[in-house]
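Peer 1: I need the structure of the sequence given here:
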Amino acid sequence: MGVTDRTNALNTCSVQQPQATAQRIHILFHSTAVLAILYYRLASLIQGGVPTLPWALVTTSEIIFSVIWVLTQAFRWRPVARTVSLRNLPDDTDLPGVDVFICTADPSKEPTVEVMNTVLSAMGLDYPSSKLAVYLSDDAGAPSTLYAVKEACAFAKRWLPFCRKYGIKSRCPEWFFSTYGHDELLFRTLEFEADEENMKVAYEQFKEIVERRANGASAINDRRPLVEVIHDNQNGNNQDEMPLLVYVSREKRPSLPHRFKAGALNTLLRVSGVLSNAPYMLVLDCDMYCNEPTSAKQAMCFHLDQKLSSSLAFVQYPQIFYNISQKDIYDGQARSAYKTKYQGMDGIGGTVCSGTGYYMKKKALYGSPNQQDEHLSHQEETFGDSVKFIYSLTNQNCERQHITQTILEETERLASCSYENNTKWGKQIGYSYESLLESSFTGYLLHTRGWKSVYLYPKRPCFLGSTTIDMKDAMVQLMKWSSGLLQVGLSRFNPILYGSSRMSILQTMCYAYFMYTPILSIAFLLYGTIPPLCFLNGVQLYPTASSPWFKVFASVYVSSLLQHLYEVLSSDGSFATWWNEQRIYFVKSISALLFGCVDVMMKSFGVMKASFRLTNKVVDREKLENYEKGNFDLEGAKMFMIPLTLLVLLNLVCFVGGAKRVISNNNVGEMFAQAFMSWTTLLLSYPILKGLIPNKTTSKKRM
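Peer 2: Presented below is the predicted three-dimensional model:
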C-alpha cells in the first residue's frame, strides 16, 4: 500500500470508503433476501404440492444466479484508488530499462498503418531513449510490415522532435491530426502552425506509401525466423533521441505448434534478453497506442517503491476506447470491469492482467517473489541452451553490448520453432500455453505464486484503442474470452482447488467469477423458457402478488437493479448507460456466453480444436455510421442470435397466450411475476428483433 504521510512517496493508495461501506450494507441485506428465497424454493420442493420439474429447474437457475452474485461481492469489498507522484522519481539516469512489446498477426485484419501508429506512439514515450526499446512481433511475416516499420522509423526522426519541441502528449500521429486530438494546444503560434502543416504533409505521404505497399498483404505460413534491428541507439550516439527499434518475425511451420500470442511474447522475452535486456516490459496490442507519454514513469512509481517492488509483478492500466459512441449499445467501454471490478481486485491482492497496457517485471515470469533465483538452477533444462540469454537473466539493466552479426544470429535461433523443445517455456516460465488467453491466465498464475499487481486509472488515459462496432465482432470477442476462461475454470488450474490454497479467499472469488460467469447463460436460458411455458399453461411458479414471499422476490430483483444503478452513477455513468448495460448483458448471456459454453464442451469431446480468433480491426464506414446512430448491426452475427431469437419468439407466444388465460381466469395476482418476466425479456430483446427485421427485408429486395 502506498504511503500517504510522506512528501517523497512515489504513490498513494486510498480505500474508496463511501462505496465500500454502501456495498457492504447492501451485501448484508441482499444476501438475507437471497437465502430466504432459496429456503422458500427448497422447502416447497421437499414438502411437495408444486410442479416438481419446472420448480426444480427454476430453483437450479436461481442457485446459479446466487452463486455468481456471491462471487461478485468480492469486487465490492475493498475498492481502492491510486495516484502517483512523478516528481519523486529518481533522475532519468537512474531509471531502469523498459522494453515495449507490440504484437500483430494478420495485416488483412489489423491495418498496417494502425500498427505503425502504435509503434510511433511507443517510440515517443517520455523515457530516456537509451533505456527504451520497441519490439514489433509480426506473426504474419509480411514483407510489407517490415517495409512499413522502416518507413515509420524514418518518419519518427521528424515526428518525435516535433512532439518534444511543442510538448505534445498525443504522440500517435493519426490521433493528433484527427478531430479528436487537434485541440491539444490551446495557444497556437505561427511557428507551430507552420511546423504542424509540414508534419501533416509528411504523415500523409507516409500513410500513402505504407497503405499502397500493404494493400493485399497476407500472412506467410511457412518461413524462417527474421530479426532485424531497424534503429540502434547505443554508445551514446543517439542524437535523434530515438529508442532501439527491432522487427521480429519468429519461425513458422505448418506442421509445428505456433502457440499464438503467448509464443510471440515468449520469443520477444528471449530476443530482447540478448539485445536490450531491460528488467521491465510494456505489452501493447497493435491497435492500443500510447496516449500519455509519462505512462512508463507512472508505472515506475510502483515498481521502484521499496514497499511494493519485491512482490509486484505488473502495473495494469485500463483499456480506454476513443471510438465509443454516445449510446455505446455494445457496452464497448466495459465500464463494469475497468471502473468497478478492477479497482475492487486491486484492493485485495491485485487485478487481472488484461492482455495490453501493463508494465511487467520480467523476473516475475521466471519464478516466485520469495525464490527469484530458483530459475537459475538447471538453466539449460529450463531456458534452453542459449548462453547469451541465460547470462542476461542475471545481468539485467546493465549497459548493453554492441549488436553484432553474431548476436543477431543468436536472436534468430531464439526465435526458431525448435528452441523451446525440452525446455520449460510455456509450462513453468514465460507466458503459459495452457490457455489461449495467455495474459489473463499467466497473470492468474503469477498471483497464485505470491506475486501482486496494482491497477492505475489516471485522469488522462495512458492507452487508447478502438472497440468493436458491430454485434459480430463483439460476440466473437466475448465468446473467445468466455470459452478460454471457462476452460481454465474446469481444468486442474481452477480457482476452487488450485487457486484457493494459493491466494486469499476474496481474490479466489474474483477469479472464480471471471471463469464461471459463462454458466450464467444456462441460468438465463432456464429462466427465459420455463416460467413463460408455465405461464402459457397456467402453472404458478412464484408467490401470489399479495403474499409476503412475493415481496422477498421483488426486493431481490429491485435490489439488484439499484445496486447496478448505484455503481453506474458513482462511476460517472448515466441512466442510459445503466439501461444499455442491462440490455446488452442479457443479450450476450443468451448468445456469446452460451456459445462459449458450447465451445468448451465441443473441445472437451474432441469435436473442435483450439483456435485463435482474431478480432477484425478494419473500420467499415457503414458499420461505423450504424454504430454511432445506436442501431444494432447484426450482419454476420445471426448464428449468435439464433438462441435469443427463439427465446424471444417463445416469450412472445407465451405472453400473448398466457395473458388471455389470465384474463379469462381472472388470476392476475397468481401469475403476475411470470407475466412480468416475459414482458421484461421482450423489452430487453426488442432492439435485436428490430435489427433482424430490416436485414430480412433487405435480403428479399436483393433476391
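
Peer 1: secondary structure class for the residue nearest to S466 when sequence neighbours are not counted?
Peer 2: Once its chain neighbours are removed from consideration, S466 has its nearest residue in N323; the separation is 4.8 Å (Cβ to Cβ, 6 or more residues apart in numbering). The C-beta positions use only the backbone N, C-alpha and C, and glycine is treated the same way. When the structure is reduced to helix, strand and coil (DSSP: H, G, I helix; E, B strand; the rest coil), N323 reads as coil.

Peer 1: so what's N323 up against?
Peer 2: N323 makes contact with G332, S466, T467, I469, L624, according to Cβ atoms under 8 Å, 6 or more residues apart in numbering.

Peer 1: what do you get for R164?
Peer 2: Contacts for R164 (Cβ under 8 Å, 6+ apart) come out as E241.

Peer 1: show me this structure divided up by domain.
Peer 2: Per the record, the chain has its domains at 95-319+354-467, 471-695, by the TED database.

Peer 1: weakest of those in terms of mean pLDDT?
Peer 2: Averaging pLDDT over each of the domains of the chain singles out domain 471-695 as the lowest, with a mean of 89.

Peer 1: picking up where we left off before, ok, of the contacts of N323, which one's closest to M671?
Peer 2: Closest approach to M671 among the contacts of N323 (Cβ to Cβ): G332, at 38.3 Å.

Peer 1: burial of that closest one, as a residue count?
Peer 2: 19 (other Cβ atoms under 10 Å).

Peer 1: my guess is it contacts I320, does it?
Peer 2: No. The pair G332 and I320 does not pass the contact test of Cβ atoms under 8 Å, sitting 10.5 Å apart.

Peer 1: want to throw the domains of the chain into CSV with distance to T83?
Peer 2: Shown next, in CSV, are these (distance: least, Cβ to Cβ, whole Å):
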stretch, distance to T83
domain 95-319+354-467, 8
domain 471-695, 17
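
Peer 1: quick one: closest of those domains to T52.
Peer 2: Going through the domains of the chain one by one, with Cβ to Cβ as the measure, domain 471-695 comes closest at 11.2 Å.

Peer 1: the residue most central in space within the chain: helix or strand, and which one exactly?
Peer 2: Residue closest to the average C-alpha location in the chain (Cα atoms, centre = their mean): S354, at 4.2 Å. Remark: S354 resides in no helix or strand, with elements defined by DSSP states H and E.

Peer 1: name the residues of stretch 10-22 that are buried.
Peer 2: Under the neighbour-count criterion of 16 or more other Cβ atoms under 10 Å, stretch 10-22 has L10, N11, T12, C13, Q16, Q19, A20, A22 buried.

Peer 1: mark which of the contacts of N323 are buried, thanks.
Peer 2: Buried members of these, counted by 16+ other Cβ under 10 Å: G332, S466, T467, I469.

Peer 1: the residues you listed: which two are farthest apart?
Peer 2: The most widely separated members of these are G332 and S466, with 9.0 Å between them, by Cβ to Cβ.

Peer 1: compute the number of surrounding residues for F187.
Peer 2: Residues near F187, counting by other Cβ under 10 Å, number 5.

Peer 1: returning to that earlier point: which one of the contacts of N323 is nearest to T404?
Peer 2: Scanning those for proximity to T404, where the rule is Cβ to Cβ, the winner is S466, at 40.0 Å.

Peer 1: angles on the backbone of that closest one, please.
Peer 2: When quoted as degrees, to the nearest 10, the phi and psi of S466 stand at phi -110, psi 140.

Peer 1: settle this for me: it is touching I324, isn't it.
Peer 2: No. Using Cβ under 8 Å, S466 makes no contact with I324, being 9.3 Å away.

Peer 1: one step back: distance to V315 added to the buried ones among the contacts of N323, as JSON lines?
Peer 2: What follows is those, written out as JSON lines (distance: Cβ to Cβ, whole Å):
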{"residue": "G332", "distance to V315": "24"}
{"residue": "S466", "distance to V315": "23"}
{"residue": "T467", "distance to V315": "23"}
{"residue": "I469", "distance to V315": "29"}
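
Peer 1: and the gap between the nearest residue to F493 once chain neighbours are set aside and L226?
Peer 2: With sequence-adjacent residues excluded and distances taken as Cβ to Cβ, 6+ apart, F493 is closest to E434, at 6.7 Å. Here the distance between E434 and L226 works out to 28 Å (Cβ to Cβ, to the nearest Å).

Peer 1: just D305 next, same as before
Peer 2: When Cβ to Cβ is the yardstick, D305 and L226 sit 39 Å from each other.

Peer 1: before we move on, the earlier item: of the domains of the chain, which approaches Y342 most closely?
Peer 2: Taking Cβ to Cβ as the criterion, domain 95-319+354-467 is the member of the domains of the chain that comes nearest to Y342, at 4.9 Å.

Peer 1: if we can go back for a sec, in helices only, show me the contacts of N323.
Peer 2: Under the assignment DSSP state H, those contribute L624 to helices.

Peer 1: from the contacts of N323, which single one is nearest K165?
Peer 2: Within the contacts of N323, distances to K165 taken as Cβ to Cβ reach their minimum at S466, with 28.6 Å.

Peer 1: and the nearest residue to W451 once chain neighbours are set aside, what does it touch?
Peer 2: Excluding the flanking residues, the one nearest W451 by Cβ to Cβ, 6+ apart is A313, at 3.7 Å. Shown here is A313, whose contacts under the criterion Cβ under 8 Å, 6+ apart are G350, M360, K361, A364, P369, G443, L446, H447, W451, K452, S453.

Peer 1: just S589 next, same as before
Peer 2: Here S589 is in contact with L520, S521, F524 (Cβ under 8 Å, 6+ apart).

Peer 1: next, format these as JSON lines and append distance to L634 and secondary structure.
Peer 2: As requested, the contacts of S589 are arranged in JSON lines below (distance: Cβ to Cβ, whole Å; DSSP: H, G, I helix; E, B strand; the rest coil):
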{"residue": "L520", "distance to L634": "22", "secondary structure": "helix"}
{"residue": "S521", "distance to L634": "19", "secondary structure": "helix"}
{"residue": "F524", "distance to L634": "19", "secondary structure": "helix"}
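
Peer 1: list the buried residues of the helix or strand where E581 lies.
Peer 2: When secondary structure is defined by DSSP H and E, E581 falls within helix 575-589. Within helix 575-589, the residues that qualify as buried are T577, W578, N580, E581, Q582, R583, I584, Y585, F586, V587, K588, S589, counting by 16+ other Cβ under 10 Å.
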